[in-house]
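Colleague: the sequence and its predicted three-dimensional model are supplied below.
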Amino acid sequence: MSKSRGYDVIVIGLGAMGSATLYHLARRGVRTIGLEQFAPLHSRGSSHGDSRIIRETYFEHPLYVPLVQRAHELWRELELSSGTHLLTVNGGLMIGPPDWSVVTGTLRSAREHRLPHQILEPDEVRKRFPPFRLPSDCVAVFDPRAGYLDPEACTRAHLELATAAGAETKFEEPVVSWTASGRGVRVETSNETYDADKLLLSVGAWIGSVATDVQLPVQVERQTLFWFAAPAPGAAYSPPSFPIYAYEFKPGTICYGFPELNKGVKASVMHDGMVVQSPQQLDRAVTASDLTALRDALAGVLPELSRARVRDSTTCIFTNTPDHDFVIDFHPEHDNVLISSPCSGHGFKFASAIGELQADLLTTGGSGFDLSPFRLARLRA
């Protein structure tokens with residue numbers, strides 16, 4: 001193996017967060033290289049599947065609202081720079097009983113940040129969005145700034161613009177080991193050895209095998225995605241007429257979905273999948289029971305869709321922290337190694353903003369966002 005020339009920053013992992021950080025580093029003139037164990041835009045992790053929700057009235061916690069607002073701005077900037085459509089704003093319905101977490105959390109974020117929103121009763125939802133049939137004990141909070149992103153196009157744009165700005169990328173080159181000291185970092189891969197001043201570990205579900213000395217208490221969760229044939233002809237399920245949605249059908253568990261896109265009408269149940277300790281243990285076969293669980297969840301709010309024909313299905317990975325908040329923090333023993341964002345299944349929408357703030361951390365040591373909720377200490381305590 002040969003020893004490469006030195007870099008300012010090495011990025012390990014070129015999914016959503018890694019590609020965005022590579023882009024923001026490269027456009028600042030930072031000498032950087034990105035390393036990825038799989039092919040570009042692979043489907044083994046968490047950054048694929050043709051659509052990802054973006055929403056502003058964030059029911060998880062109001063602290064995410066400024067971050068998603070910056071992400072909105074940066075996705076639009078990336079669209080202009082790449083000449084590619086990435087973000088569609090078609091509104092979103094956050095659905096559930098008024099005293100459950102999706103509705104109460106959505107309203108908390110909307111009110112604390114004075115965001116535009118509407119509370120809709122079941123008959124109002126049906127009148128505006130005919131495919132929806134809300135249970136009588138539910139309401140919907142309409143988020144006019146919600147919509148969806150094209151994850152493959154977003155990651156491709158970040159990678160292409162990063163390389164155009166001078167970044168290097170190496171795909172299908174697994175990392176064997178890395179070391180860090182006060183003098184810098186060294187990364188050994190299956191092909192070469194690379195030296196740099198700083199290192200970003202942005203490997204999603206593989207964080208347990210790449211940062212073994214930190215021993216993060218994260219779990220790898222299997223997530224299944226389905227695309228249905230639109231139950232009705234015409235515009236009822238098209239993006240201008242059909243919003244994204246999140247429906248809390250039992251306490252703490254939601255099903256969510258999208259309008260009809262190229263592959264069909266996509267839907268999934270969130271945080272209800274099998275949990276394993278590593279991505280290598282993940283069963284990627286989609287089963288009849290996966291489909292039954294989704295149909296049962298959809299029946300309560302989209303009865304026609306719940307009976308529709310399946311056009312396609314796949315699996316992806318969530319990497320969950322115990323509190324479902326992110327990890328963005330420096331290694332406890334190496335202040336030149338940044339550990340990035342096991343995102344607990346809700347992170348893709350933030351990738352543009354996280355890429356920017358991680359570039360800030362790697363170049364200046366600080367960020368304009370309050371990152372205290374994402375520190376490692378809370379998980380290691």
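Modeller: It's in. Numbers count the residues shown, from 1 in each chain.
Colleague: tell me which other helices or strands the helix or strand hosting Trp178 touches.
Modeller: Assigned by DSSP states H and E, Trp178 belongs to strand 175-181. Helices and strands touching strand 175-181, as assessed by 3 or more C-beta pairs under 8 Å, 6 or more residues apart in numbering; DSSP states H and E, comprise strand 184-189, strand 334-340. Yep, even glycine has a C-beta here, placed from its N, CA and C like the rest.
Colleague: most tightly surrounded among these?
Modeller: Counting by mean count of other C-beta atoms under 10 Å, strand 334-340 has the highest mean neighbour count of the helices and strands packed on strand 175-181, with a mean of 20.
Colleague: angle of that one against strand 184-189?
Modeller: Interaxial angle of strand 334-340 relative to strand 184-189 (axes from the mean of the first three to the mean of the last three C-alpha atoms, to 10 degrees): 50 degrees.
Colleague: of the helices and strands packed on strand 175-181, which is nearest Gly257?
Modeller: For these, proximity to Gly257 was assessed by C-beta to C-beta; strand 334-340 is nearest, at 28.0 Å.
Colleague: show me how far the next helix or strand after that closest one is from its chain's centre.
Modeller: Next along the chain after strand 334-340, taking DSSP H and E as the criterion, comes helix 351-364. Chain-centre distance of helix 351-364: 16 Å, with C-alpha atoms, centre = their mean, to the nearest Å.
Colleague: got it, and stretch 206-220?
Modeller: Per C-alpha atoms, centre = their mean, the displacement of stretch 206-220 from the mean C-alpha position of its chain is 18 Å.
Colleague: give the buried residues for it.
Modeller: Within stretch 206-220, the residues scored as buried using 16 or more other C-beta atoms under 10 Å are Trp206, Ile207, Gly208, Val210, Ala211, Val214, Leu216, Val218, Gln219, Val220.
Colleague: quick one, phi/psi of the third one?
Modeller: The phi and psi values for Gly208, taken as degrees, to the nearest 10, are phi -60, psi -30.
Colleague: touching, it and Val218? I think so.
Modeller: Yes: between Gly208 and Val218 there is a contact under C-beta atoms under 8 Å: 6.7 Å.
Colleague: returning to what we had before: out of the buried residues of stretch 206-220, which are inside strands?
Modeller: Per DSSP state E, strands hold the following members of those: Gln219, Val220.
Colleague: mind putting the buried residues of stretch 206-220 in JSON lines, distance to Phe226 included?
Modeller: What follows is the buried residues of stretch 206-220, written out as JSON lines (distance: C-beta to C-beta, whole Å):
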{"residue": "Trp206", "distance to Phe226": "26"}
{"residue": "Ile207", "distance to Phe226": "28"}
{"residue": "Gly208", "distance to Phe226": "28"}
{"residue": "Val210", "distance to Phe226": "31"}
{"residue": "Ala211", "distance to Phe226": "33"}
{"residue": "Val214", "distance to Phe226": "35"}
{"residue": "Leu216", "distance to Phe226": "30"}
{"residue": "Val218", "distance to Phe226": "26"}
{"residue": "Gln219", "distance to Phe226": "23"}
{"residue": "Val220", "distance to Phe226": "21"}
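Colleague: closest to Thr193 out of the buried residues of stretch 206-220?
Modeller: Val210 (16.3 Å).
Colleague: spatially nearest residue to the closest one, not counting backbone neighbours?
Modeller: Nearest in space to Val210, with sequence neighbours left out and distances taken as C-beta to C-beta, 6 or more residues apart in numbering, is Val203 at 5.0 Å.
Colleague: so the one you found touches Val11, yeah?
Modeller: No: with contact defined as C-beta under 8 Å, Val203 does not count as touching Val11 (10.0 Å).
Colleague: between the two, which has more neighbouring residues?
Modeller: With neighbours defined as other C-beta atoms under 10 Å, Val203 and Val11 compare such that Val11 has more, 34 against 28.
Colleague: what's the neighbour count on Gly366?
Modeller: Counted with other C-beta under 10 Å, the neighbours of Gly366 add up to 10.
Colleague: and if you look at Arg44?
Modeller: By other C-beta under 10 Å, neighbour count at Arg44 equals 19.
Colleague: what comes up buried for the longest helix seen in the chain?
Modeller: Criterion DSSP state H: the longest helix present in the chain is helix 65-82. When burial is assessed from 16+ other C-beta under 10 Å, helix 65-82 yields the following buried residues: Val65, Leu67, Val68, Arg70, Ala71, His72, Leu74, Trp75, Leu78, Glu79, Ser82.
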